[in-house]
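> Need a 3D model of the sequence below.
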Amino acid sequence: MQIAAAWAWRILAVVAVVAVFVFLVIELRLIVIPLLIALLISALLVPIVQFLQRHRWPKGVAVAVAEVGLIAVVAGLVYLVVWQIRSGFPDLQQQSLVAWEDFKDFLLESPLHLDDAQISVYADQLFVAFERDSGAWVSGALSVGSTAGHFLAGILLILFATLFILIDGHKIWGWLVGLFPRNARAAIDGSGHAGWQTLTQFVKVQIFVAAIDAVGIGLGAYALGLPLVIPVTVAVFLGSFIPIVGAVATGALAVFIALIYKDLFIALIMLIIVLGVQQLEGHVLQPLVMGSAVKVHPLAIVLAVAAGSFLAGIPGALFAVPVVATLNVMVAYIAQGKWRSSTVRIGTPDA
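Next up is the predicted model:
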């Protein structure tokens, strides 16, 4: 009983601290989410800046080229998607109405013996169920900023945070390490460097996995002669940053387009392509590439994504894996005790 009681109050204390931390993160989500995005972007850009500096580029120029180049790539992708959607939306709207009427005729002539009123009722129920189930995801997406002002402030915060991390990351990290007691600084500093290396590997591997998903599904849509291939490819690329379910959720858009513009047979082929790409990711890329990079079991990835989406919707699902992977490496480093014989490296995690 004494041992159980000793463990119980310690567990309660840890849970209380975690609960307070989660509460503060939720309350400060308009700051935390842009900061986390800035960390992911910095993990991608720091190796580029270091590469340019090794080739004798001034640090300021290297930072400017890396950040402006990323902004140009993202802006180009957004412009391309918006242009494609605007040009194809009227036809998509018309084809959707035609496909809905064809589907209603199929139901009317089917052995189910449905009438127009019953079909309308079932359609309304399906819409309500979809709206209810997607409420958590929508609220999570809107948590980044429910107004245009919040969204713009978040974008500016991401840009400035990324800029300062790239320029003065070593000073920022040194200040953070200095907040801890002197005896704990070696452990915090070493675990921070280990966590940063894992985060950098995660970003690189996730971009590779997302590119494979996007190219696979995009080529499948192109081979089937579907319209809006570019928006679908970009959507799959962005959605694949949410592990396990991202590629399937965005790939469903390609299946929907195939069902609208083609027929049920083509839609089934597109569905097989989406599931095939997902199986490639789940059974080859995730275990071999992502597993070796983040050192997290696939079951832990699934549970982390589920918990993150439940707590914070889309942002929670996006940040669940990098947060879990980074914390896992940091805790493992501290538990190993190698930091006891090392000195504090006050510097950036690799910046």
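
> okay, stretch 210-230 in PDB with CA atoms only?
What follows is stretch 210-230, C-alpha atoms only, in PDB (Å, rounded to 0.1, in the frame of the first residue of the first chain):
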ATOM      1  CA  ALA A 210       3.800  13.200 -49.000                       C
ATOM      2  CA  ALA A 211       5.400  13.500 -52.400                       C
ATOM      3  CA  ILE A 212       5.100   9.800 -53.000                       C
ATOM      4  CA  ASP A 213       1.400   9.800 -52.100                       C
ATOM      5  CA  ALA A 214       0.700  12.900 -54.200                       C
ATOM      6  CA  VAL A 215       2.600  11.600 -57.300                       C
ATOM      7  CA  GLY A 216       1.000   8.200 -57.000                       C
ATOM      8  CA  ILE A 217      -2.600   9.400 -56.700                       C
ATOM      9  CA  GLY A 218      -2.000  12.300 -59.100                       C
ATOM     10  CA  LEU A 219      -0.700   9.900 -61.800                       C
ATOM     11  CA  GLY A 220      -3.600   7.600 -61.200                       C
ATOM     12  CA  ALA A 221      -6.100  10.400 -61.700                       C
ATOM     13  CA  TYR A 222      -4.200  11.600 -64.800                       C
ATOM     14  CA  ALA A 223      -4.200   8.100 -66.300                       C
ATOM     15  CA  LEU A 224      -7.900   7.800 -65.800                       C
ATOM     16  CA  GLY A 225      -8.500  11.100 -67.600                       C
ATOM     17  CA  LEU A 226      -9.900  13.000 -64.600                       C
ATOM     18  CA  PRO A 227     -10.000  16.800 -64.500                       C
ATOM     19  CA  LEU A 228      -8.600  18.900 -61.700                       C
ATOM     20  CA  VAL A 229      -5.500  16.600 -61.400                       C
ATOM     21  CA  ILE A 230      -3.300  19.400 -60.100                       C
END
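
> which stretches of the stretch 101-250 of the chain have low pLDDT?
Along the stretch 101-250 of the chain, the model assigns pLDDT under 70 to residues 101-108, 110-116, 118-119, 122-148, 243-245.

> P322: what's it in contact with?
Counting by Cβ atoms under 8 Å, 6 or more residues apart in numbering, P322 touches L40, L199, F202, V203, V294. Every C-beta, even on glycine, is put in place using the N, C-alpha and C of the backbone.

> Distance-wise, check it relative to L179.
According to Cβ to Cβ, to the nearest Å, P322 stands 23 Å off from L179.

> Then A43?
As judged by Cβ to Cβ, A43 and L179 stand 22 Å apart.

> the more surrounded of those two?
A43 (24 against 9; other Cβ atoms under 10 Å).

> all strands for the stretch 101-250 of the chain, in order.
Per DSSP state E, counting those that start in this stretch, the stretch 101-250 of the chain carries no strands over any range.

> Please enumerate the helices of it.
For the stretch 101-250 of the chain, applying DSSP state H, counting those that start in this stretch gives helices covering 116-133, 135-142, 148-178, 185-223, 229-239, 246-261.

> Would you mind giving those as CSV with mean neighbour count and distance to P47 added?
Formatted as CSV, the helices of the stretch 101-250 of the chain follow (neighbours: other Cβ atoms under 10 Å; distance: least, Cβ to Cβ, whole Å):
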stretch, mean neighbour count, distance to P47
helix 116-133, 11, 39
helix 135-142, 15, 29
helix 148-178, 16, 11
helix 185-223, 20, 7
helix 229-239, 22, 20
helix 246-261, 22, 24
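
> Let me know which of the ones you listed is the nearest to I33.
helix 148-178 (7.0 Å; Cβ to Cβ).

> For the closest one, enumerate the helices and strands it packs against.
In terms of contacts (3 or more Cβ pairs under 8 Å, 6 or more residues apart in numbering; DSSP states H and E), helix 148-178 is packed against helix 29-54, helix 59-109, helix 185-223.

> any idea of the angle the helix or strand harbouring L24 forms with helix 29-54?
Element membership of L24, judged by DSSP states H and E, is helix 2-27. Put simply, helix 2-27 runs at 90 degrees to helix 29-54, going by axes from the mean of the first three to the mean of the last three Cα atoms, to 10 degrees.

> which strands and helices sit next to helix 2-27?
On a contact count with 3+ Cβ pairs under 8 Å, 6+ apart, helix 2-27 meets helix 298-336.

> tell me the average confidence for the helix it packs on?
For helix 298-336, mean pLDDT rounds to 82.

> Okay, buried residues for that helix please.
Residues of helix 298-336 classed as buried: 301-302, 304-305, 308-309, 311-326, 328-330, 333-334 (neighbour count, 16 or more other Cβ atoms under 10 Å).

> what's the answer for stretch 263-278, then?
By 16+ other Cβ under 10 Å, the buried positions in stretch 263-278 come out as I266, A267, I269, M270, L271, I273, V274, V277, Q278.
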